[in-house]
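In: below is the sequence, then the predicted model.
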Amino acid sequence: MSSQLREHPNTVERVEYLCGRHLPDSMHEWVVRDAAGPGHNRRYYTRGILMFVPIIVAILVIPTAWWVKVAMILLVMLPAGFFLTALKDIYLKHLLIDNDIDPDIQTGKWRAEHDRRAAAYDSKFRSGPRRYA
């Protein structure tokens, strides 16, 4: 079977995808599910934290007290967590654009919540001109 007809990447393609490689058009649905489907936040943060594992291992082999090691790890992980959170939407759009997918796609849960809030706003504030007595 040709790699162009498959809907899921194999292990090598998945690693290349995580490194920024473009997947074939037949795998667009998989990319959307990976980037914006159920569990996408967990996958995003796991991938982001895995980049810091070598740094954490290097800190753990330094011969010093345990509380110094914990403090150094926190000095690395706290800013990393803030930056991961701040850049999540930018990463998602970049990932989708790299795979030739509409970058404005959102998760179904987000869309349902947005529609619910928009309907509540419309019913409260856009029900026609108010008459003040």
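Out: Perfect, I can see it now. For clarity, every value in this text was computed on a predicted model and none was experimentally measured.
In: avg pLDDT for stretch 81-89?
Out: For stretch 81-89, the mean per-residue pLDDT is 92.
In: CA atoms only: put it into PDB for me.
Out: The C-alpha coordinates for stretch 81-89 follow below in PDB (Å, rounded to 0.1, in the frame of the first residue of the first chain):
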ATOM      1  CA  GLY A  81       5.500  26.100  31.300                       C
ATOM      2  CA  PHE A  82       4.600  29.700  30.900                       C
ATOM      3  CA  PHE A  83       6.000  29.900  27.400                       C
ATOM      4  CA  LEU A  84       4.400  26.600  26.400                       C
ATOM      5  CA  THR A  85       1.100  27.900  27.500                       C
ATOM      6  CA  ALA A  86       1.500  31.300  25.900                       C
ATOM      7  CA  LEU A  87       2.600  29.900  22.500                       C
ATOM      8  CA  LYS A  88       0.100  27.000  22.300                       C
ATOM      9  CA  ASP A  89      -2.200  28.700  19.800                       C
END
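In: who's the closest spatial neighbour of the residue nearest the centre of the chain, skipping the chain neighbours?
Out: Here the mean C-alpha position of the chain is nearest to the C-alpha of residue 44 (CA atoms, centre = their mean), at a distance of 4.2 Å. Once flanking residues are discounted, residue 44 sits nearest to residue 88: 6.1 Å by CB to CB, 6 or more residues apart in numbering. To be clear about C-beta, it is placed using only N, CA and C from the backbone, and glycine gets the same treatment.
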